[in-house]
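A.B. asks: how would this look folded up:
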Amino acid sequence: MAGGLVALLDDVAALARLAAASIDDVGAATGRATAKAAGVVIDDAAVTPQYVRGLAAERELPIIKRIAIGSLRNKLLIILPIALLLSQFLPWLLTPILMLGGCYLAYEAVHKIWGVVFGHGEHHAEAADEPKDEDSVVSGAVRTDLILSAEIMVIALDTIASEGFWNRLIILAVVAVVITIIVYGVVGLIVKMDDIGLRLAENSSGFVEKFGRGLVKAMPKVMSVLSVVGTAAMLWVGGHILLVGIDELGFHPLYELVHHGEEAVRGIAGIGSILAWIVNTLASALLGLLVGALVVLAQLGVTKVLDKRKATAH
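C.D. replies: Residues are numbered from 1 along each chain as shown. Predicted structure coming up:
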């Protein structure tokens, strides 16, 4: 009897160790997947605050909450099932889909740069000028989020493609929840930071008052920096997706060229790994810039043709 109990306890302990190992594996894979999607996450956090610009301060957080719920619904109810089905039955489609997303990210980044350089305004400027009806604001933000969330989830899925079906399901669900909390937690903090600074400045004195005034003055600069970082991140992530995707589809010279560049600096004592990362990042960003510019020029060409046709028709 005692022997049977000991054997049972050993089996329970073995199952517990196996479960713990599985949890560790899922946790590690979740971390890798989340980190890989960081560039899109930064852009998501940079874009969303523009939707609540000009709204009453007391409505900002409730609207961000509604957008966050819509974002989570996008990820869990629309993107997750489609991504899992593709990975299970048509895995060869994931690389082309990911590359299309990389093109989109590169296009978004170059479109923003084009707007700044040529004075046409940023890509999302029109969202800030829409009538501030709350339902319209939320629906517009959720539509934009659908594209960014799809990129986040597909990038994450590509990172864990070797995992089993149920692990992929769990990891993607965790990634969806974690990234939504991070993005919209940061968005809420950014949106309310100037209000926090104003309250500190009005209700405090000395260092705290100066700190509050500093927050209020700093927020426009923070938003500008966040926009620049988001644009750079999109170029890097989009270009890297394309670089790896081109190699996986059978064209190796470009990836090998970048790889040789990394290996050439990797051996430098102390900073070799950092330099190798910089080489890969710059090469990816340059590829993203090139592809994005081609897409933007193509779009402008199509727009001009359509405008001429409209003018001729009238």
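
A.B. asks: how far away is the nearest residue in space to Y255 that is not next to it in sequence from G239?
C.D. replies: Closest residue in space to Y255, ignoring its immediate chain neighbours: D247 at 3.7 Å, by C-beta to C-beta, 6 or more residues apart in numbering. C-beta coordinates here come from the backbone N, C-alpha and C atoms, glycine included. Taking C-beta to C-beta, to the nearest Å as the measure, D247 falls 13 Å from G239.

A.B. asks: can you check H111 too?
C.D. replies: 15 Å.

A.B. asks: next: E134.
C.D. replies: E134 sits 37 Å away from G239 when distances are taken as C-beta to C-beta.

A.B. asks: what does Y104 give?
C.D. replies: 12 Å.

A.B. asks: more neighbours: these two, which one.
C.D. replies: Of the pair Y104 and G239, G239 is the one with more neighbours under other C-beta atoms under 10 Å, namely 28 against 19.

A.B. asks: okay but that one is in contact with A106, surely?
C.D. replies: Yes: contact criterion C-beta atoms under 8 Å: G239 and A106 qualify, at 6.4 Å.

A.B. asks: quickly list what's touching both of those two.
C.D. replies: Taking C-beta atoms under 8 Å, 6 or more residues apart in numbering as the criterion, G239 and A106 both touch 288-289, 291.

A.B. asks: please indicate which of those residues are buried?
C.D. replies: Neighbour-count burial within the shared contacts of G239 and A106 applies to 288-289, 291; the criterion is 16 or more other C-beta atoms under 10 Å.

A.B. asks: go through those residues and flag which are in helices.
C.D. replies: 288-289, 291 (DSSP state H).

A.B. asks: thought G272 was touching R266?
C.D. replies: Yes: in this structure, G272 sits in contact with R266. The criterion is C-beta under 8 Å, and the distance is 4.5 Å.

A.B. asks: which residues in this protein form helices?
C.D. replies: Read by DSSP H, the chain holds these helices, from start to end of the chain: 2-36, 38-47, 57-73, 80-89, 94-118, 125-129, 134-159, 165-203, 207-248, 253-266, 272-313.

A.B. asks: could you identify which of these is most buried?
C.D. replies: Sort the helices of the chain by mean neighbour count, taking mean count of other C-beta atoms under 10 Å, and helix 38-47 sits at the top with a mean of 24.

A.B. asks: could you list the low-confidence segments of this structure?
C.D. replies: Across the chain, the ranges flagged by pLDDT under 70 are 1-55, 57, 120-132, 204, 314.

A.B. asks: pretty sure G214 contacts I196?
C.D. replies: No: at 11.6 Å, G214 and I196 do not qualify as touching, with contact defined as C-beta under 8 Å.

A.B. asks: do you know how far E60 is from L189?
C.D. replies: Using C-beta to C-beta, E60 is found at 11 Å from L189.
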